[in-house]
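>>> fold the following and give me the result.
(one chain, ligands or ions: 1)
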Amino acid sequence: VDEGTRKSLVQFMNKLAPQREPGWGWNLSSDPCADLWKGVTCSSPSQTVKKIVLEGLELSGILDCDSLCSVKTISVLSLNDNNVSAVIPEEIAKCKRLTHLYLRSNKFSGKLPKGLSRLNNLKRLDLSGNDFTGELPDLARISGMLSFLAQDNRLEGGLPEFDFANFDEFNVSNNELVGPIPDVQGRFGVASFSGNPGLCGTPLPNVCPPAAPPKKKGGFSLKRFLVYSGYILLGLLIIVLLVAFKLSRRAKRKEDCRKNVKSGTASEVSNSRSNNKSNRTSNSSTINTRGNRSEYSITSMESGMTSSSLVVMDNRLVKKGLRFEDLLRAPAELLGRGKHGSLYKVMLGDRLLLAVKRVRDWRISKEEFRSRMEKIDRAKHPKVLPALALYCSNEEKLLVYEYQPSGSLFTLLHGNRDSQTFDWGSRLSVAVSIAEALAVMHESLLVDGIAHGNLKSTNILFDRDMELWISEYGLMPVDDQDPAYTPNNRNSSGRSGIFSADIFGFGVILLELLTGKMVQNNGYDLATWVQSAVREEWTVEVFDPTLTSEGASEERMVNLLQVALKCINPSAEERPSMSLVAAMVSKIKEDDERSLTWSEA
Ligand SMILES: Nc1ncnc2c1ncn2[C@@H]1O[C@H](COP(=O)(O)OP(=O)(O)OP(=O)(O)O)[C@@H](O)[C@H]1O
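Reported below is the predicted structural model:
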């Protein structure tokens with residue numbers, strides 16, 4: 001473990017337990033992993049600190065998050081049953097990798113930091129048996145939480161709208177909370193909420209008072225009358241125009257349809273991506289073909305699908321009452337035909353745009369498929385695009401995702417984006433986001449053996465706010481013909497080949513980010529080219545010229561290239577784990593940011 005990490009850990013412990021037993025380690029002359037510091041767990045091959053568990057040790061200092069959170073690899077902190085006091089500092093927000101935070105039965109006090117709600121990877125949080133006051137931060141924005149325990153404090157204010165469907169533990173009893181209890185979906189009883197005289201609604205026996213009627217607005221004025229009549233007239237005009245437009249479109253469609261039927265065939269339009277240029281023909285009844293776009297309804301894909309096999313996982317779609325028939329009837333546009341299936345853009349109602357993936361040739365029973373998708377859904381990582389619904393019969397598998405309007409990493413790198421450049425800092429951020437998300441997913445789904453299975457730049461999507469999403473996680477069986485996959489081998493950390501294939505995929509994404517070059521043949525061409533370039537010692541020539549002309553640090557590009565080369569190591573067993581990769585990439589980004597701050601200063 002490097003010296004910086006050791007220093008930070010010792011500082012953290014100095015604040016927590018200034019007097020401690022010498023046998024614990026926790027000093028600068030020893031190593032937390034090699035010398036087995038008290039309560040420290042490291043990941044075995046990479047020797048990075050993963051967990052700190054210091055329970056029931058009469059620790060009576062304070063929590064120094066500044067030092068703790070500078071060790072980026074920590075995912076578990078437990079200080080249960082000690083005497084740690086004062087507040088949880090705002091800097092806790094920097095512990096981005098934390099998945100488990102246990103602070104039960106201590107002497108913490110004061111308000112909870114807002115930064116707690118920025119710990120996007122948090123799954124379990126135990127704050128019970130302290131002296132916390134003030135309102136709860138908006139923890140409901142952490143989408144993957146599984147448990148929240150905060151009983152026996154003095155917390156005030158209302159409860160956030162937690163998504164109780166995912167929780168297996170929840171307790172806020174014996175506090176000073178007020179207001180209605182959100183819908184707990186029958187999962188938690190009175191014991192989870194009792195001892196808060198101001199709380200009301202199910203499951204507590206006291207009914208909430210009716211909401212106060214909205215305040216009456218001021219009296220009627222001529223001005224307001226004129227404004228409202230103006231709006232009404234404008235609304236009517238828009239409706240008339242819309243109806244006229246729809247009627248004329250319908251007439252045109254009928255006309256086109258008649259022409260298509262006459263000509264006897266309808267052409268499907270190929271994937272717009274370069275690797276899939278050939279037009280195919282189909283005997284499906286295509287509704288309408290305009291320019292290089294096709295409109296289908298999904299009905300044309302498949303007959304014999306039954307409504308009963310649609311599983312709707314997203315609350316918004318449950319509320320909308322999504323039925324399988326709605327999906328089948330909606331207009332759909334073919335976006336691509338990849339190795340593993342086709343992707344359709346489907347317009348549901350006026351506003352909701354969906355991406356429906358039809359998976360091809362996957363011999364997995366419908367029960368297995370469903371359970372696999374539910375496990376992925378439960379892992380709920382904020383950067384992994386959740387499936388909104390799924391359909392499975394033994395022959396056919398469909399996955400429904402939200403359509404992401406800002407394209408993929410592939411289009412960002414290789415598309416025609418005019419003057420917009422994708423700079424070095426943004427590329428590093430993308431690399432860190434993907435690596436960190438995959439590290440958490442690999443860890444959560446290690447036992448189930450579910451990796452992404454098809455990691456590539458077309459599966460890294462951006463939403464309207466250019467937030468990154470990893471799409472199609474676990475949707476494919478890993479191709480056992482793929483040399484990146486070594487089915488029976490387990491590497492030294494016990495990971496099966498399926499996870500190593502993801503690490504290879506990530507390595508290729510790093511190469512794309514560094515070289516700006518397109519990938520063909522699953523990334524082997526790019527990997528081989530870069531490997532030979534590095535052997536020939538013309539490393540610098542491999543980098544994307546826009547990066548070099550932007551002045552991106554050559555040293556850090558080389559460092560990132562070295563990480564990429566480790567990931568694409570032909571021997572799957574020698575590839576590093578995803579959490580080690582994430583730590584290496586994050587370190588490069590931190591160095592880059594630090595050097596920027598220096599040069600600005
Ligand atoms: N949810 C989505 N929203 C918007 N675009 C998407 C979405 N999912 C995929 N895409 C884009 O649609 C195109 C086609 O997707 P598809 O999954 O068929 O391609 P692929 O990833 O190359 O194939 P495969 O996954 O079968 O190997 C890709 O360019 C992809 O980036």
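>>> residue 314: how many residues sit nearby?
With neighbours defined by other Cβ atoms under 10 Å, the count for residue 314 comes to 17. Placement of C-beta: from N, CA and C, glycine included.
>>> got a list of what it touches?
386, 388-389 (Cβ atoms under 8 Å, 6 or more residues apart in numbering).
>>> likewise residue 36?
With the criterion set at Cβ under 8 Å, 6+ apart, residue 36 makes contact with residue 25.
>>> hmm, try it at 10 Å
24-25, 30, 42 (Cβ atoms under 10 Å, 6 or more residues apart in numbering).
>>> let's have the contacts of residue 314 in TSV, adding neighbour count, pLDDT and secondary structure.
Converted to TSV, the contacts of residue 314 look like this (neighbours: other Cβ atoms under 10 Å; pLDDT from 0 to 100; DSSP: H, G, I helix; E, B strand; the rest coil):
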residue	neighbour count	pLDDT	secondary structure
386	20	91	coil
388	21	89	coil
389	21	87	strand
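>>> circling back to that earlier point, which among the contacts of residue 36 count as buried?
Buried members of these, scored by 16 or more other Cβ atoms under 10 Å, are 24-25, 30, 42.
>>> among these, which pair sits farthest apart?
Between any two of the buried ones among the contacts of residue 36, the greatest separation by Cβ to Cβ is 15.5 Å, found for 24 and 42.
>>> what's the closest of the contacts of residue 36 to the ligand?
Compare each of the contacts of residue 36 with the ligand using Cβ to the nearest ligand atom and the shortest gap goes to residue 42, at 35.7 Å.
>>> quick check: next helix or strand after the one helix or strand the closest one maps to?
Residue 42 belongs to strand 40-43 when assigned by DSSP states H and E. With elements assigned by DSSP H and E, the helix or strand that comes after strand 40-43 is strand 48-53.
>>> buried sites along that next one?
Applying 16+ other Cβ under 10 Å to strand 48-53 flags 48-52 as buried.
>>> for stretch 368-385, same thing?
369-370, 372-373, 376-385.
>>> I'd like the average pLDDT over that stretch.
The average pLDDT within stretch 368-385 is 89.
>>> please apply the same query to stretch 84-98.
91.
>>> so which bits of that stretch are buried?
So stretch 84-98, judged by 16+ other Cβ under 10 Å, has buried residues 84-85, 88-89, 91-98.
>>> for residue 97, give me its contacts.
50, 69, 71-76, 119-122, 436, 439-440, 443, 579, 582-583, 586.
>>> distance to the ligand and pLDDT for the buried residues of strand 48-53 - can I get that in JSON lines?
Converted to JSON lines, the buried residues of strand 48-53 look like this (distance: Cβ to the nearest ligand atom, whole Å; pLDDT from 0 to 100):
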{"residue": "48", "distance to the ligand": "32", "pLDDT": "84"}
{"residue": "49", "distance to the ligand": "36", "pLDDT": "89"}
{"residue": "50", "distance to the ligand": "32", "pLDDT": "87"}
{"residue": "51", "distance to the ligand": "35", "pLDDT": "90"}
{"residue": "52", "distance to the ligand": "38", "pLDDT": "93"}
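>>> could I get the residues you listed in CSV, plus columns for distance to residue 231?
As requested, those are exported to CSV (distance: Cβ to Cβ, whole Å):
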residue, distance to residue 231
48, 61
49, 62
50, 59
51, 60
52, 60
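>>> OK, contacts around residue 425?
550, 552, 589, 592-593, 596.
>>> repeat for residue 413
Going by Cβ under 10 Å, 6+ apart, the list of residues near residue 413 reads 422, 427, 430, 457, 460, 509, 512-513, 515-519, 544.
>>> let's see it at 7 Å
Contact analysis of residue 413 by Cβ atoms under 7 Å, 6 or more residues apart in numbering lists 422, 457, 512, 516.
>>> ok so, going back, which members of the contacts of residue 36 are positioned in helices?
With DSSP state H as the criterion, helices contain none of the contacts of residue 36.
>>> pick out the lowest-pLDDT one from those residues.
Among the contacts of residue 36, pLDDT bottoms out at residue 42, giving 85.
>>> verify the contact between that residue and residue 35 for me.
No. Residue 42 is beyond contact range of residue 35, at 10.7 Å (criterion: Cβ atoms under 7 Å).
>>> picking that back up, and of the buried residues of strand 48-53, the nearest to residue 344?
Distance to residue 344, by Cβ to Cβ, is smallest for residue 50 among the buried residues of strand 48-53, at 41.1 Å.
>>> which stretches of the stretch 1-150 of the chain form helices?
3-16, 65-68 (DSSP state H, counting those that start in this stretch).
>>> can you check the stretch 251-400 of the chain too?
Under DSSP H, counting those that start in this stretch, the stretch 251-400 of the chain gives helices at 315-320, 324-329, 366-379.
>>> return the residues of the chain in contact with the ligand.
Residues of the chain lying close to the ligand by Cβ under 6 Å from any ligand atom are 273, 335-336, 338-341, 343, 355, 401, 403-404, 408, 454, 458-459, 461, 471-472.
>>> go again with 8 Å.
Proximity of the chain to the ligand is confined to 271-273, 275-276, 335-343, 345, 353-355, 357, 360, 385, 401-405, 407-408, 410-411, 454, 456, 458-459, 461, 469, 471-472, 475-476 under the rule Cβ under 8 Å from any ligand atom.
>>> quickly list what the closest residue to the ligand within the chain is bridged to.
In the chain, the residue that lies nearest the ligand is residue 338 (1.9 Å; Cβ to the nearest ligand atom). Listed by DSSP bridges, the beta-bridge partners for residue 338 are residue 341.
>>> tell me how many other residues surround it.
For residue 338, the neighbour count with other Cβ under 10 Å is 20.
>>> not counting sequence-adjacent ones, nearest residue to the spatially most central residue of the chain?
Nearest to the mean C-alpha position of the chain, by Cα atoms, centre = their mean, lies residue 383 at 1.6 Å. In this structure, residue 383 finds its nearest non-sequential neighbour in residue 437, 3.9 Å apart by Cβ to Cβ, 6 or more residues apart in numbering.
>>> test my guess that that neighbour contacts residue 380.
No. Here residue 437 lies out of contact with residue 380, judged by Cβ under 7 Å, at a distance of 11.3 Å.
>>> selecting buried members of the contacts of residue 425 in PyMOL, what would you type?
Of the contacts of residue 425, the buried ones go into a single PyMOL selection, burial set by 16+ other Cβ under 10 Å:
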select buried, resi 552+589+592
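>>> dump the contacts of residue 425 to a markdown table, plus secondary structure and pLDDT.
Below are the contacts of residue 425 laid out as a markdown table (DSSP: H, G, I helix; E, B strand; the rest coil; pLDDT from 0 to 100):
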| residue | secondary structure | pLDDT |
| --- | --- | --- |
| 550 | helix | 82 |
| 552 | coil | 87 |
| 589 | helix | 93 |
| 592 | helix | 88 |
| 593 | helix | 85 |
| 596 | helix | 70 |
